[in-house]
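[1] My questions are about this predicted structure, shown below with the sequence.
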Amino acid sequence: MRTRAAALCAAAAVVAGSLTAVPAQAAGTAAVPKPAWTKCGTRDYPALQCASVQVPLDHANPSGRQITLALSRVPHTAPSSEGPLLVNPGGPGGSGLKLAGFVASALPKSVAARYDVIGFDPRGVGRSTPALTCLPGHFAPGRPDSVPATPELERVNVDRAKAFAAACGRKYADILPYMDTVSAARDLDIVRQALGAPRLSYFGYSYGTYLGAVYAKLYPERVHRLVLDSIVDPTGVWYRDNLGQDYAFNDRHRALMAWIARHDADYRLGKDPAKIEARWYAMRAALAKEPAGGEVGAAELEDTFMPGGYYDGYWPYLAEAFAAYVHRRAGGALVEAYENFAAVDASGDNGYSVYTAVQCRDASWPRGWNRWRDDTWAVYAKAPLMAWNNTWYNAPCAFWPTAPLRRVNIANGKLPPALLLQATDDAATPYAGAVTVHRLLARSGLVVEQGGGNHGVTLSGNTCLDGYLAAYLTDGTVPRGAGPVDAVCAKSPDPKPLTAKAASASSRGSTLHRLLGFRR
């Protein structure tokens, strides 16, 4: 998530609690053609195959306009198969085509061999058509300071949000009413039909946990296994969830400052985390006046350091750039870090367009700007790091041209046991969301990485977590504990400062987090 949803029209049965009315699947749907798989392997994932499937733009009108979803696959190799395992990296707006290759290669061979691992680009994303790009260059360097210290700065930022929402409305008026999580979940069931599978398994990270939970709500009898890693709080979709992120990202930033303090011999920024944090904000103030390389100002600096809240493997690179600026006013290292971790290319423009389209449509957002202003200043007083940056990222939803749907209550007593995995100090999807989903999904098992702060915790090097994942995908086993948590794993070790060898190494964790991306 920036994470980054679900939605529904009021048209079918209402379930107890805050559950939205979920529209019934239209009757009389024609048989779905099987995908025509072709080889599309890469150096890293040579077994990948690619195909596409058509789905209705409007699932209430299955014979109407069709759109195309891009698919990828690593076929099973064992004599018998557990069926398809759909994988999703989050977003909304994340492409999952390469993720299929990663998951198939990172799982134990004996486990991966039993599944057809299926990646997909959700509606609007990447190689699916149409792919949305509302306003290219919206995140080009030179953005105004995110903290609206003057009325003029606030007006400029509000106008940018309005312009983005208006551009989406002009270009995609016919598409936006169908960009929502329930429509995306219904797409997955058409993929299941195309694959000829009576049931599917699903493995989602971040926003992908919400998409999976919504699919399970709509089609509980069609779920074989369900893995949710780094779990969205479905009761806060989406405005409240984003406010909660602000506090958690501030905590992760302070964890980075404490890590830098422990490695003062390498960075010479001091041994007091609070003083190091003050130096970081002094750097931010200086960059607001004179951007590094004419490119990295205050907003871009926030964007550059935010990935450190997702994955601590980036901490050594961020600390190097921070130290270089403080000690030598060397802006080049900051520019390099920005370009590596934060610069938005055409795929990023597409991802953000889908992100806003889905989140703004999925659930109600405040329409009065005064509410956003008051809430953000209240958060900023306690957690300043990302409060305004995150607000502007989501602000188009205050002006969105398509009316919102109602959020989904994902409570589910009809599912087979699901496996939930969560780090206690995750910033993008804070821990409370996992506890909530564990309560809402009957018979689920929750495995916690105690003290871990990364977002996306399985298949990135923690053998304890990966053991629970492998056992579950093998035979459906979930741990059972006496309290709210069913099993606890120790956190992965903290990163170490860079060496020439470490700087050139590529770990499985860094590979995963490149595929998951940020603001998901």
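    Sure, I can see it.

[2] Break down the stretch 301-450 of the chain into its strands, ranges please.
    Using DSSP state E, counting those that start in this stretch, the strands assigned to the stretch 301-450 of the chain run over residues 419-423, 445-450.

[3] and what of the chain?
    Using DSSP state E, the strands of the chain run over 38-39, 49-56, 66-74, 83-88, 115-121, 200-206, 223-231, 419-423, 445-450, 487-490.

[4] Spell out which strands sit alongside the first one in the sheet and which way each one runs.
    Each strand paired with strand 38-39, and its direction, by DSSP bridges: strand 49-56 (antiparallel).

[5] likewise the last one?
    Based on DSSP bridges, the pairing partners of strand 487-490 within the sheet are strand 445-450 (parallel).

[6] Please enumerate residues in contact with the strand it pairs with?
    Residues from elsewhere that reach strand 445-450 (C-beta atoms under 8 Å, 6 or more residues apart in numbering): 417-424, 431, 434-435, 438, 457, 462, 465, 468, 472, 478-480, 484-492. Yep, even glycine has a C-beta here, placed from its N, CA and C like the rest.

[7] ok, now with 7 Å
    Contacts to strand 445-450, defined as C-beta atoms under 7 Å, 6 or more residues apart in numbering, come from residues 417, 419-424, 434, 438, 457, 462, 465, 468, 478-480, 485-491.

[8] separation between residue 152 and residue 294?
    22 Å (C-beta to C-beta, to the nearest Å).

[9] before we move on, what about residue 60?
    For residue 60 relative to residue 294 (C-beta to C-beta), the value is 50 Å.

[10] When the two are compared, which one has more neighbours?
    residue 60 (15 against 11; other C-beta atoms under 10 Å).

[11] Now the more buried one: phi and psi?
    phi -80, psi -10 (degrees, to the nearest 10).

[12] Then residue 107?
    Dihedral angles for residue 107 - degrees, to the nearest 10 - are phi -70, psi 150.

[13] For the remainder of this discussion, apply numbering that starts at 43.
    Okay, residue one is now 43; in that scheme the one you just asked about reads as residue 149.

[14] mind listing what it touches?
    residue 512.

[15] Contact partners for residue 507?
    So residue 507 contacts 463, 489, 491, 499-500, 531 (C-beta under 7 Å, 6+ apart).

[16] I meant residue 500, not that one.
    So residue 500 contacts 271, 463, 507-508, 511 (C-beta under 7 Å, 6+ apart).

[17] Closest to residue 403 out of these?
    Ranked by distance to residue 403 (C-beta to C-beta), these are led by residue 271 at 24.8 Å.

[18] and the gap between the closest one and residue 375?
    32 Å.

[19] Confidence-wise, which helix or strand of the protein is lowest on average?
    None of the helices or strands of the chain scores lower by mean pLDDT, DSSP states H and E than helix 542-546, at a mean of 51.

[20] Can you tell me how far residue 301 is from residue 308?
    Using C-beta to C-beta, residue 301 is found at 11 Å from residue 308.

[21] What residues does the spatially closest residue to residue 308 that is not a sequence neighbour make contact with?
    Excluding the flanking residues, the one nearest residue 308 by C-beta to C-beta, 6 or more residues apart in numbering is residue 539, at 4.2 Å. Residue 539 makes contacts with 305, 308, 358, as judged by C-beta under 7 Å, 6+ apart.

[22] Just among these, which is most surrounded?
    Compared across the contacts of residue 539, residue 358 has the highest neighbour count, 22 neighbours, by other C-beta under 10 Å.

[23] Not counting its neighbours along the chain, what's nearest that residue?
    Per C-beta to C-beta, 6+ apart, closest to residue 358 is residue 540, 4.5 Å.

[24] Verify the stated contact: the one you found with residue 357.
    No. Residue 540 is beyond contact range of residue 357, at 9.9 Å (criterion: C-beta atoms under 7 Å).

[25] Which one of these two is surrounded by more residues?
    Neighbours per residue, other C-beta under 10 Å: of residue 540 and residue 357, the larger number sits with residue 357, 23 against 16.

[26] mind showing which ranges of this structure have poor pLDDT?
    Applying pLDDT under 70 to the chain picks out residues 43-72, 542-548, 561-562.

[27] ok, now with 80
    43-72, 542-548, 560-562 (pLDDT under 80).

[28] What separation is there between residue 206 and residue 135?
    14 Å.

[29] When those two are compared, which one has more neighbours?
    Set residue 206 next to residue 135 and count neighbours by other C-beta under 10 Å: residue 135 wins out with 30 against 21.

[30] Now do the end-to-end distance for stretch 76-96.
    Using C-alpha to C-alpha, to the nearest Å, the end-to-end distance of stretch 76-96 comes to 10 Å.

[31] Only the buried residues of that stretch, if you could.
    77, 87, 89-95 (16 or more other C-beta atoms under 10 Å).

[32] from those residues, which single one is nearest residue 154?
    So of the buried residues of stretch 76-96, ranked by how close each gets to residue 154 (C-beta to C-beta), first place is residue 89, at 9.9 Å.

[33] distance of that closest one from residue 147?
    Taken as C-beta to C-beta, the span from residue 89 to residue 147 is 9 Å.

[34] what do you get for residue 133?
    For residue 133, the distance to residue 147 - C-beta to C-beta - is 22 Å.

[35] Which one of the two is surrounded by more residues?
    Higher neighbour count among residue 133 and residue 147: residue 133, with 33 against 18, using other C-beta under 10 Å.

[36] any idea what sits nearest the more buried one, other than its immediate chain neighbours?
    residue 249 is the one closest to residue 133 (C-beta to C-beta, 6+ apart), at 4.9 Å.

[37] Please name the bridge partners of residue 244.
    Bridge pairing for residue 244 - DSSP bridges - gives residue 128, residue 268.

[38] Contacts only, for it.
    Here residue 244 is in contact with 128, 254, 257, 268 (C-beta under 7 Å, 6+ apart).

[39] Show me the contact partners of stretch 160-179.
    Residues outside stretch 160-179 that contact it (C-beta under 7 Å, 6+ apart) are 109-115, 126-129, 134-135, 137-142, 205-206, 209-210, 213-214, 217, 221, 225-226, 229, 233, 389, 391-392, 395-396, 399.

[40] burial of residue 437, as a residue count?
    23.

[41] Relative to residue 206, how far out is it?
    For residue 437, the distance to residue 206 - C-beta to C-beta - is 8 Å.

[42] swap in residue 138?
    Distance from residue 138 to residue 206, by C-beta to C-beta: 25 Å.

[43] Residue 222 too?
    Distance, residue 222 to residue 206, by C-beta to C-beta: 18 Å.

[44] any chance you could map the helices in the stretch 143-292 of the chain?
    151-154, 193-213, 223-236, 249-260, 281-304 (DSSP state H, counting those that start in this stretch).

[45] most packed of the ones you listed?
    helix 249-260 (a mean of 30; mean count of other C-beta atoms under 10 Å).

[46] tell me how far it is from the chain's mean position?
    13 Å (C-alpha atoms, centre = their mean, to the nearest Å).

[47] Please export the C-alpha coordinates of that helix as CSV.
    Extracted as CSV, the C-alpha positions of helix 249-260 are listed here (Å, rounded to 0.1, in the frame of the first residue of the first chain):
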residue,chain,number,x,y,z
TYR,A,249,-2.3,-4.0,-1.1
GLY,A,250,-2.3,-7.5,-2.6
THR,A,251,-3.5,-8.7,0.8
TYR,A,252,-6.6,-6.7,0.5
LEU,A,253,-7.2,-7.8,-3.1
GLY,A,254,-6.9,-11.4,-1.9
ALA,A,255,-9.2,-10.9,1.1
VAL,A,256,-11.8,-9.3,-1.2
TYR,A,257,-11.6,-12.2,-3.7
ALA,A,258,-12.0,-14.6,-0.8
LYS,A,259,-15.1,-12.7,0.4
LEU,A,260,-16.7,-12.9,-3.0
